[in-house]
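Student: one predicted model, sequence on top.
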2 protein chains.
Amino acid sequence: MSIIVMKFGGTSVANIDRIKNVANIIESKKKEGSKIAVIVSAMAGVTNDLIEKSKEVSSNFSIEEYDVLLSSGEQVTAALLSACLIDKGIKSRSMMGWQIPIVTEGQHKNSRIVSVNSKSILEYLNNDHVVVVPGFQGISDKLRISTIGRGGSDASAVALAKALNAERCEIYTDVEGVFTTNPDICNDAKKIEKISYDEMLEMASLGAKVMQSSSVQKAMMNDVEIFVKSTFDPEKSGTQILPDDRISYDKVITGVTYTKDDAKVTLIGVKDKPGVASAIFKPLNDQNIVVDMIVQNISADTQKTDVTFTIKRDDLNKTENMIQNLKSEIGFDKLLTDNKVSKISIVGAGMITYPGVAFKMFNTLASKKINILVISTSEIKISVLINEKDTELAVKTLHSAFDLN
Amino acid sequence: MSIIVMKFGGTSVANIDRIKNVANIIESKKKEGSKIAVIVSAMAGVTNDLIEKSKEVSSNFSIEEYDVLLSSGEQVTAALLSACLIDKGIKSRSMMGWQIPIVTEGQHKNSRIVSVNSKSILEYLNNDHVVVVPGFQGISDKLRISTIGRGGSDASAVALAKALNAERCEIYTDVEGVFTTNPDICNDAKKIEKISYDEMLEMASLGAKVMQSSSVQKAMMNDVEIFVKSTFDPEKSGTQILPDDRISYDKVITGVTYTKDDAKVTLIGVKDKPGVASAIFKPLNDQNIVVDMIVQNISADTQKTDVTFTIKRDDLNKTENMIQNLKSEIGFDKLLTDNKVSKISIVGAGMITYPGVAFKMFNTLASKKINILVISTSEIKISVLINEKDTELAVKTLHSAFDLN
């Protein structure tokens, strides 16, 4: 009998009625004859409330105790859902991270799962139980409660699916699946039936908030097949994420994504000498400021150049201060910043075989008089930075130009 | 260096400001040079909120998952308080029931602590840490989270004090200590400086809500010295609970207590034959209905008798139904019930050596025309059942008659 891992996010378990709805979905799935392990997030709002409390205590809250604090949220959901199932006559039990155990490594607040002991879970699954596991939590090698930073409960689901050698991992969320672009902006956005891990990775990291990119990566590395489905419409097929050799691409582009949390930094008149890029980017790296797009222009003055890069908007103040402090070291004439920018990307594994995709993208934007500030590309995506005010127009125009509607 | 266990109840940790206040109390105590282990309750309101959620799921919520659910409340407080201490530069860590472990036996939702492993706690205490332990929780022999029914966090504090061989156990609450009676009713009620375990047991079970009686009993059996103190005025001396051979009694009576959650049941015309008491009380016992006071009157008809007893008001409906169903088996003429009653008690280890205390009590009540419905006595207390409307008058009159003001 095959094992299925089902993961339910915060909005899917936001209140008791929704938790009862989740119990119904699990009941139906169980009747189909699979063994079921469930990962749950904290009820929507609970994690933020706990974070708020930690901030009230201290802006420098102990990371060990932060994990003890936050893990309680998922614990509550696991107990409520398991009791719901028991109340319906389904054998069930919750298993905390320490009871399994789910072992993590790395710093508290930002741990990574290194192993999931499947033994005790399998015992219960084989004894006809649904096992409900709180996501986002594990225990460190020092036997302290840890939480998983990036990926959170998605990462727990993928790790559990891998450990149990599950047939598949179903990610239940509040949307029907992954869309060609945000339906809020573009009302003819369509649900994508199948998407490759690579494409999903680009979509996820570029702003399609359905699944965390690090979890997609882990699924890819471990061949865990993923279905993104809607908790509120579980009968619908959702989106399947699988290796790209199992997808036939009938379209050049799979989706259009955008982010609005970027900021652009330009250093005018940087001395064009070896080591200057390192002088700029090393201090940023040391401060954990992630630099995304980087462009270096040859300016008219051949001894000098302009360097432009993008960072997260939240890091802008810190970055400005740091660069001003390093002015003499780096050597530049002027620092310009712009936080009214957004990044638009087209993603598609199909674009490798179609030349002229980039040209078509730039041309389409130009036809709407949308100015491109920075460009960056990879094998399966092209991103451009534009003025934030043009975001909606750019997304709509590209979505239609590449026949996604 | 001596070890002190400090326990803080729900109102003492009701919000972040109060948790910071608790951290200050611990800091002062630590400066005095003791090693400190702390037990915390859930923040006021949290436990009720979780119980509410469980009721929304099912009136028959799984008791195993109930413990997983409720234990999260104390976990949150432990993390917040420990982080608060760390933020003040005090070494600290939280330790969950399963990390210590605190081993329990008996049914979930109503477990008893059988052992507290002091090894890992002592390691941290000896390494200059404050150890913060969530009260109310432990783990069962099946390694599942359990909660302690009666006594709750007080029981955790006493068990921890015993395991650590602590110099004393300080119970911090929202009142200054144990009072001669409820100050809300009697504004000349006085704080009791010293009280014996026995007296405190009677006071606790009779309605002085400062400490759970089962925890007092456990403290008595294990010679754990207890101080009840105010979180909001920690400099004040509070009430010390200790063996009665270390107290000199200058007053006959230590306190006046009352409860308003009783109900009276009377069976008129019960056949006066062997086994009839068993026929009445065995089924009640089987249904976990606790019977408190029992009186049997000889009625005029020598073949018949009247039996009166008191139970908790919540159990009245259940008890009425049960007795009506057993009417033919028991054999009685009429069933009378009254839930507008209250129990007034005077407590004092000193009364053993003073004759006439009971007479003085009855006389005092009679002088105010307060009718006594049932009487019960023990070595150190006399309780009477009266009409609920007379409660306040009875308490005030007795408090003054026995010179407690």
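Tutor: Cool, the structure landed.
Student: thought A:Thr319 was touching A:Leu284, still the case?
Tutor: Yes - here A:Leu284 reaches A:Thr319: they are 6.5 Å apart, a contact under C-beta atoms under 8 Å. Every residue, glycine included, has its C-beta placed from N, CA and C.
Student: look at the two and report which has more neighbours.
Tutor: A:Thr319 (22 against 19; other C-beta atoms under 10 Å in any protein chain shown).
Student: so who does the more buried one touch?
Tutor: Applying C-beta atoms under 8 Å, 6 or more residues apart in numbering or on different chains, we find A:Thr319 in contact with A:Ala263, A:Val265, A:Leu284, A:Ile289, A:Ile311.
Student: around the first one, how many other residues sit close by?
Tutor: Spelled out, that is A:Ala263. Should you count by other C-beta under 10 Å, A:Ala263 turns out to have 21 residues around it.
Student: as a whole number, average confidence for the helix or strand hosting it?
Tutor: A:Ala263 belongs to strand A:262-271 when elements are defined using DSSP states H and E. The pLDDT scores in strand A:262-271 average 91.
Student: which strands and helices lie in contact with that strand?
Tutor: Packing partners of strand A:262-271 (3 or more C-beta pairs under 8 Å, 6 or more residues apart in numbering or on different chains; DSSP states H and E): helix A:276-286, strand A:304-312, helix A:316-325, strand A:334-338, strand A:341-347.
Student: still on that earlier bit, need the max-distance pair from the contacts of A:Thr319.
Tutor: Comparing all pairs in the contacts of A:Thr319 by C-beta to C-beta, the longest separation belongs to A:Ala263 and A:Leu284, at 12.6 Å.
Student: joint contacts of the two?
Tutor: A:Ile311, A:Thr319.
Student: next, the angle from the longest helix along chain A to helix B:63-87.
Tutor: Using DSSP state H to define each element, chain A has its longest helix at helix A:63-87. Interaxial angle of helix A:63-87 relative to helix B:63-87 (axes from the mean of the first three to the mean of the last three C-alpha atoms, to 10 degrees): 170 degrees.
Student: so helix A:63-87, near chain B or not?
Tutor: Yes - between helix A:63-87 and chain B, judged by C-beta under 8 Å from any C-beta of the partner chain, the touching residues are A:64-66, A:68-69, A:71-72, A:75-76, A:78-80, A:82-84, A:86-87.
Student: show the subsequent helix or strand relative to that helix.
Tutor: Assigned by DSSP H and E, the successor of helix A:63-87 is strand A:92-94.
Student: let me see the mean pLDDT of that next one.
Tutor: Here the average pLDDT along strand A:92-94 is 98.
Student: which helices and strands sit right next to the helix or strand that that strand is followed by?
Tutor: Using DSSP H and E, the helix or strand that follows strand A:92-94 in sequence is strand A:102-105. Contacts defined by 3+ C-beta pairs under 8 Å, 6+ apart place strand A:102-105 against strand A:112-116, strand A:137-139, helix A:152-163.
Student: which SSE is immediately downstream of the longest one?
Tutor: Meaning helix A:152-163. Past helix A:152-163, the next helix or strand by DSSP H and E is strand A:168-173.
Student: need the residues that contact that following strand.
Tutor: A:4-9, A:11-12, A:22, A:25, A:154, A:157-158, A:160-161, A:210-211, A:219, A:224-231, A:234, A:238.
Student: one more time with 6 Å, if that's ok
Tutor: Residues outside strand A:168-173 that contact it (C-beta atoms under 6 Å, 6 or more residues apart in numbering or on different chains): A:5-9, A:12, A:157, A:161, A:210-211, A:224-229, A:231.
Student: what residue in the stretch 251-400 of chain A comes nearest to chain B?
Tutor: Closest residue of the stretch 251-400 of chain A to chain B, C-beta to the nearest C-beta: A:Asn288 (22.0 Å).
Student: do the stretch 201-350 of chain A as well
Tutor: A:Thr231 (17.3 Å).
Student: angles on the backbone of A:Ile39, please.
Tutor: The phi/psi pair for A:Ile39 (degrees, to the nearest 10) reads phi -110, psi 130.
Student: what's around it, how many residues?
Tutor: 31.
Student: show the contacting residues for it.
Tutor: Applying C-beta under 6 Å, 6+ apart, the residues near A:Ile39 are A:Lys7, A:Val133, A:Gly135, A:Ser153, A:Ser156, A:Ala157.
Student: what sits up against the longest helix of chain A?
Tutor: In contact with helix A:63-87 (C-beta under 6 Å, 6+ apart) are residues A:13, A:19-20, A:23, A:40, A:42-43, A:46-47, A:50, A:54, A:92-94, A:108-109, A:130, A:132, A:134-137, A:144-147, B:57-58, B:61-62, B:65, B:68-69, B:72, B:75-76, B:79, B:82-83, B:94.
Student: can you list the residues of chain A near chain B?
Tutor: A:16, A:56-58, A:61-62, A:65, A:68-69, A:72, A:75-76, A:79-80, A:82-84, A:86-87, A:94 (C-beta under 6 Å from any C-beta of the partner chain).
Student: any of those buried? List them.
Tutor: Neighbour counting with 16 or more other C-beta atoms under 10 Å in any protein chain shown marks A:16, A:56-58, A:61-62, A:65, A:68-69, A:72, A:75-76, A:79-80, A:82-84, A:86-87, A:94 as buried within the residues of chain A next to chain B.
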